[in-house]
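What would the 3D arrangement of this be:
(one chain, ligands or ions: 1)
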Amino acid sequence: MDLVDKTEGASGGFELVRLKNGEPSVRCLTHHETMHVGTGPVTEAAALHVCQQRIVERARARTGGPMVIWDVGLGPAGNAIATLEALRGVDAAVELHSFEVATDVLEFALCHSGELGYMAGWEEALRGLLQTGEARPLPNVRWVLHRGDYAVRMADAPPPEAIYHDPYSPARNPGMWSLEVFRAARERVGEGVCLLTNYTRSTAVRVTLALAGWYVGLGVATGEKEQTTIAASRPGMLALPLGRDWLRRVRASTNAAPQRGARYERGPVSDADFEMLTALPQFAG
Ligand SMILES: C[S@@+](CC[C@H](N)C(=O)[O-])C[C@H]1O[C@@H](n2cnc3c(N)ncnc32)[C@H](O)[C@@H]1O
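Predicted structure coming up:
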């Protein structure tokens, strides 16, 4: 990847990079992670989150108030902008709730919107969001920014029907992939219908989601990944739910233990966790 530009910010700095397919993206220098590394910011977001979650169809079908989407880890807003692009001209009300602990990456991306390309036309809404915490990028979309730690701030947002779970990787950002955070999100959904999508195919993350109360399945392929992960609040919502055969993989894996707390530790699943997993409705039948 070619280095295009660099800056230092509150969270350590970012650089513009060019992905293998030629698209520009943003790389965090502290976490050493490139965002949307597979196919670029909006292409990946559209496939992994917007299309897989059937956002437009579900928003159109909704009655009794706007569809609520949680955009977890706003970052340089690739997922949020892919959602806005999909909702342009759609006759359906949506509330987009973005969570971000440090907006300097978005400020950096906005300074380079010309090079990044995908922000074109959304700059004013992004500036408004940063300045006031709220924007109306489309007549049918209300966009709210929740600054601070997602684990704390999720209590302020209405219950979601779609969650784009997009923090840094479990190794770099373990607390965001923890049993506590996934369970808190599941509790906020309550009896509602919700899908959660993310880019990982990690067995440990899938175990953590399942133990947190989500039904877990195989997600669509994106870029270089032949599969990702999708979770649902209710059975019957997943095209490819994990089955009992997957439990054998969990048992054999040296890295299937659920993530607890914010300290990243890898290891095999314990007997107690495996017993809880096999007793879940998704696998017990
Ligand atoms: C991979 S980037 C997100 C990319 C973004 N979703 C996009 O589509 O362009 C991860 C983001 O999660 C944010 N983040 C990490 N931990 C967080 C937390 N505890 N609460 C809220 N945001 C967090 C980071 O600051 C970073 O901007």
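
how about the residues of the stretch 151-285 of the chain near the ligand?
Contact residues (CB under 6 Å from any ligand atom) of the stretch 151-285 of the chain with the ligand: 166, 167, 168, 173, 176. No exception for glycine: its C-beta is placed from N, CA and C like everyone else's.

What's the PyMOL syntax to select whichever of those are buried?
Selection of buried members from those for PyMOL, criterion 16 or more other CB atoms under 10 Å:
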select buried, resi 166+167+168+173+176
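
Secondary structure and pLDDT for the residues of the stretch 151-285 of the chain next to the ligand - can I get that in TSV?
Below are these laid out as TSV (DSSP: H, G, I helix; E, B strand; the rest coil; pLDDT from 0 to 100):
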residue	secondary structure	pLDDT
166	coil	96
167	coil	96
168	coil	92
173	coil	94
176	helix	98
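
The residues of the stretch 151-285 of the chain next to the ligand: which two are farthest apart?
Using CB to CB, these span at most 10.2 Å, a distance reached by 166 and 173.

Compute the first-to-last residue distance for stretch 262-273.
Length of stretch 262-273, first residue to last, CA to CA, to the nearest Å: 18 Å.

Contacts made by stretch 31-45 with the rest, please.
1, 17, 19, 21, 23-28, 47, 75-76, 78-79, 81-83, 85, 116, 118, 164, 168-169, 172-173, 199, 222-225 (CB atoms under 8 Å, 6 or more residues apart in numbering).

make that stretch 176-183, sorry
With contacts defined as CB under 8 Å, 6+ apart, stretch 176-183 is touched by 72-73, 150-151, 165, 167-168, 170, 175, 200, 205, 208-209, 211-214, 258-262.

Could you tell me which of those residues belong to strands?
Applying DSSP state E to the contacts of stretch 176-183, the entries found in strands are 72, 165.

the helices in the stretch 101-250 of the chain, which residues?
Using DSSP state H, counting those that start in this stretch, the helices of the stretch 101-250 of the chain run over 104-111, 113-116, 123-132, 150-153, 179-189, 203-211, 244-252.

Could you save these as a markdown table and add columns showing mean pLDDT?
Shown next, in a markdown table, are the helices of the stretch 101-250 of the chain (pLDDT from 0 to 100):
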| stretch | mean pLDDT |
| --- | --- |
| helix 104-111 | 93 |
| helix 113-116 | 92 |
| helix 123-132 | 97 |
| helix 150-153 | 98 |
| helix 179-189 | 98 |
| helix 203-211 | 98 |
| helix 244-252 | 97 |
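
most tightly surrounded among these?
Stretch with highest mean neighbour count among these: helix 203-211 (a mean of 24; mean count of other CB atoms under 10 Å).

Show me what the residue nearest the centre of the chain bridges to in the sheet.
Nearest to the mean C-alpha position of the chain, counting by CA atoms, centre = their mean, stands residue 165 at 2.0 Å. Note on residue 165: beta-bridge partners by DSSP bridges are residue 72.

hang on, it packs against residue 72?
Yes - counting by CB atoms under 8 Å, residue 165 touches residue 72, with 5.1 Å between them.
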